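K.L.:
Sharing a sequence plus its predicted fold:
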Amino acid sequence: MDVSLALWVLTIAGLCALIAADFLIGRTPHDVSVREAGLWTAVWVVLAALFGLGLLLFSGGQPAGEFFAGYITEKSLSVDNLFVFVLIMGRFAVPSHYQQRVLLVGVLIALVLRAVFIAAGATIVASFSWVFFIFGGFLIWTAWKLIKEARTEQQDDAEFEENRLLKMVEKRVPATDRYHGTRLFITENGKRLMTPMLIVMLAIGTTDVLFALDSIPAIFGLTQDPYIVFTANAFALMGLRQLYFLIGGLLKKLVHLSYGLSVILGFIGVKLVLHALHEAGVHVPEISIPVSLGVIVVVLAVTTATSLLAVRGNDGQDPAGSGTDSTGDTEGDGGDTPADRPDQHIGA
């Protein structure tokens, strides 16, 4: 797909306008209701669908198919990110009415960092076709790792561990132990201090980079067009904040999600290896985009159905037995938790 500089500029400007509108609409801190989250989740899905239809009308079926396959893959992988976002919110005791602002800025940081990864990946792919062997092998290994973690239930006992960048920032920049509204910095006794709000935003944004290590190779397995890779990632990430509030309480019920993601990543890994062999002159069949899109949709549908059946078979009890909701609050306790008190100290 031949993308002009003007189209790149218009696309980025359009995305920036959408982000600005999202920020202005949610600028007042408040608890996000399921109705609000559902409405805006639908808006972002419709916008992605309209963009895909635009590609179909102006560029043909191949780019449109690649976009939808990439978007659905990135969206399904981003659901796994929500597990970590829940851990981060609990770790930093983020008040519930500030969580939407944290996610908005955190996801924006993640989008910028992913754009850097995509640019680097596109350059490498264009210069070295053998990199598909590495990408394919990495995805197959990641798929196997996901299966092992699901079988040993490692996710149930997971704890958020700060990455090196976050540790360095916390060590070198003085910070307060209380939230001060949505302010990122305050001045106390003539000294400029960072607030926990900025720390948790950085945690969300930089932690997403770890997920990009498998999601970026995955989408390059579906398309090598940087424009489609970027836009699919952008639309998948930009609706992630609303998805967090919409299905946050249902995350524990997606008990087979890791198995479904492992199948998708393994499938794309095999697709990449076959493509690499084809590029090397070996006569092997390649997997088409319609087949890829079909496999991804079917796997996600089956995973969701079997998860709900498994939970229903367990009399609707929390599979992990944790009795917690998406913000880490204990259900039915009738009292405020640290995440609900704006003046809560941040624990070590």
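P.N.:
Yep, it's here.
K.L.:
What ranges in the stretch 101-250 of the chain fall below the confidence cut-off?
P.N.:
Along the stretch 101-250 of the chain, the parts satisfying pLDDT under 70 run over 150, 152-165, 169-170, 211-212, 248-250.
K.L.:
need the helices for it, in chain order.
P.N.:
Taking DSSP state H, counting those that start in this stretch as the test, the helices found in the stretch 101-250 of the chain are 131-151, 164-172, 196-220, 226-238, 240-247.
K.L.:
what's the distance between the shortest one and the middle of its chain?
P.N.:
Helix 240-247 sits 11 Å away from the centroid of its parent chain (Cα atoms, centre = their mean, to the nearest Å).
K.L.:
how much does it deviate in direction from helix 226-238?
P.N.:
Angle, helix 240-247 to helix 226-238, by axes from the mean of the first three to the mean of the last three Cα atoms, to 10 degrees: 40 degrees.
K.L.:
relative to helix 196-220, how tilted is helix 240-247?
P.N.:
Using the same axes, to 10 degrees: helix 240-247 against helix 196-220 is 100 degrees.
K.L.:
What is helix 240-247 packed up against?
P.N.:
With contacts taken as 3 or more Cβ pairs under 8 Å, 6 or more residues apart in numbering; DSSP states H and E, helix 240-247 sits against helix 34-59, helix 61-91, helix 99-127. Bear in mind the C-beta positions are built from the backbone N, C-alpha and C, glycine included.
K.L.:
Helix or strand next in line after that helix, which one?
P.N.:
The helix or strand immediately downstream of helix 240-247 is helix 257-279, counting by DSSP states H and E.
K.L.:
now the nearest residue to Ile204 once chain neighbours are set aside: how far from Val84?
P.N.:
With Cβ to Cβ, 6 or more residues apart in numbering as the criterion, Ile204 has its nearest non-adjacent residue at 2.7 Å, and that residue is Gly106. Per Cβ to Cβ, to the nearest Å, Gly106 is found 11 Å from Val84.
K.L.:
And Gln99, by the same measure?
P.N.:
14 Å.
K.L.:
Neighbour count for those two, which is higher?
P.N.:
Gln99 (24 against 18; other Cβ atoms under 10 Å).
K.L.:
Report the contact partners of that one.
P.N.:
Neighbouring residues of Gln99 by Cβ atoms under 8 Å, 6 or more residues apart in numbering: 32, 89, 244-245, 327.
K.L.:
and it, what pLDDT?
P.N.:
We have a pLDDT of 86 for Gln99.
K.L.:
Please renumber the chain so that the first residue is 36 from this point on.
P.N.:
OK, 36 is where the count begins now, so the last one is Gln134.
K.L.:
Can you list the helices and strands that the helix or strand Thr341 falls within packs against?
P.N.:
Assigned by DSSP H and E, Thr341 belongs to helix 324-348. Of the remaining helices and strands, those touching helix 324-348 by 3+ Cβ pairs under 8 Å, 6+ apart are helix 96-126, helix 292-314.
K.L.:
Kindly reformat those as CSV and extend each row with mean pLDDT and distance to Leu237.
P.N.:
Formatted as CSV, these follow (pLDDT from 0 to 100; distance: least, Cβ to Cβ, whole Å):
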stretch, mean pLDDT, distance to Leu237
helix 96-126, 84, 10
helix 292-314, 85, 26
